[in-house]
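**Student:** with the sequence up front, the predicted model follows.
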Amino acid sequence: MIKRNLLVMGLALVLSACGFQLRGTGTQELSIKELDLSARDAYGATVKLLQQQLESSGVRVHAGAPYKLVLQRESNSQRTLSYTGGGNSAEYEISTKLEYEILTHDNLHLLNDKLEVQKVFVHDGNNITGSGQESAQTYQEMRRDLVQRMIIRLQLLSPEQLAQLQATAEAKAKADADALEAARKAEAETPQQSPMELPNQ
């Protein structure tokens with residue numbers, strides 16, 4: 001039995017070394033095979049990078065797909081952690097937050113959530129140019145981390161979960177429509193009060 005397990009593990013290592021990945025062993029394959037992707041900043045670096053990652057994971061990104069991923073808002077913040085070197089250098093924590101939602105193709109809301117990445121960055125007051133380049137590189141790394149986390153979130157969505165979310169959204173939409181129709185009907189059936197007659201002068 002031990003020999004057999006070692007043989008299976010050895011075979012998996014050989015296959016992964018050749019670039020082949022077994023399903024469920026680190027692959028980035030998603031259960032969502034088609035996705036409509038949009039963002040407030042339609043030409044931003046994040047949405048472009050995410051589209052590339054989705055397509056490399058086997059997802060067909062196009063308008064009219066069964067589900068829509070909408071990147072609603074991306075924001076950056078920074079706070080000072082400490083000062084060093086006589087005040088010439090400072091250590092900062094920088095954060096990037098990405099808010100998103102997933103809709104059906106006919107815009108029924110399924111879920112919304114946010115992703116956040118933090119990194120610590122040291123700004124050298126004696127090397128402004130170098131610090132600026134390092135800061136830009138840090139933000140690029142954080143963007144890649146955000147996109148990677150988004151892919152992982154999408155990986156965790158099974159077809160059964162999506163179907164359940166859609167059924168719940170459709171039931172809510174129907175209940176809202178029924179309630180609106182009932183309110184209209186009740187209003188239509190309520191007798192209109194006649195205007196008060198004023199006595200003749």
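**Tutor:** Nice, thanks for sending it over. Residues are numbered from 1 along each chain as shown.

**Student:** which of the helices or strands spans the residue nearest the centre of the chain?
**Tutor:** Nearest to the mean C-alpha position of the chain, by C-alpha atoms, centre = their mean, lies Y100 at 4.3 Å. Element membership for Y100 (DSSP states H and E) is strand 89-104.

**Student:** buried residues, that strand. List them.
**Tutor:** 89-90, 92, 94, 96, 98-100, 102-104 (16 or more other C-beta atoms under 10 Å). Heads up, the C-betas are built off the backbone N, CA and C, glycines and all.

**Student:** how far does it sit from the chain's center?
**Tutor:** Centroid displacement of strand 89-104 relative to its chain, using C-alpha atoms, centre = their mean, to the nearest Å, is 11 Å.

**Student:** partners of it, with directions?
**Tutor:** strand 67-84 (antiparallel), strand 109-124 (antiparallel) (DSSP bridges).

**Student:** for the helix or strand following the last one, what is the average pLDDT?
**Tutor:** Pointing back at strand 109-124 there. Tracing the chain past strand 109-124, the next element assigned as helix or strand by DSSP H and E is helix 128-155. Confidence over helix 128-155 (mean pLDDT, whole number) is 85.

**Student:** quick one: helix 128-155 to strand 67-84, angle?
**Tutor:** Going by axes from the mean of the first three to the mean of the last three C-alpha atoms, to 10 degrees, helix 128-155 is angled at 140 degrees with respect to strand 67-84.

**Student:** now for helix 128-155, which elements pack on it?
**Tutor:** helix 45-56, strand 89-104, strand 109-124 (3 or more C-beta pairs under 8 Å, 6 or more residues apart in numbering; DSSP states H and E).

**Student:** let me have the ones you listed in CSV, extended by mean pLDDT and distance to M142.
**Tutor:** Shown next, in CSV, are those (pLDDT from 0 to 100; distance: least, C-beta to C-beta, whole Å):
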stretch, mean pLDDT, distance to M142
helix 45-56, 95, 10
strand 89-104, 89, 5
strand 109-124, 88, 5
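
**Student:** okay if I get those as JSON lines plus distance to E189?
**Tutor:** Listed next are these as JSON lines, based on distance: least, C-beta to C-beta, whole Å:
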{"stretch": "helix 45-56", "distance to E189": "50"}
{"stretch": "strand 89-104", "distance to E189": "34"}
{"stretch": "strand 109-124", "distance to E189": "32"}
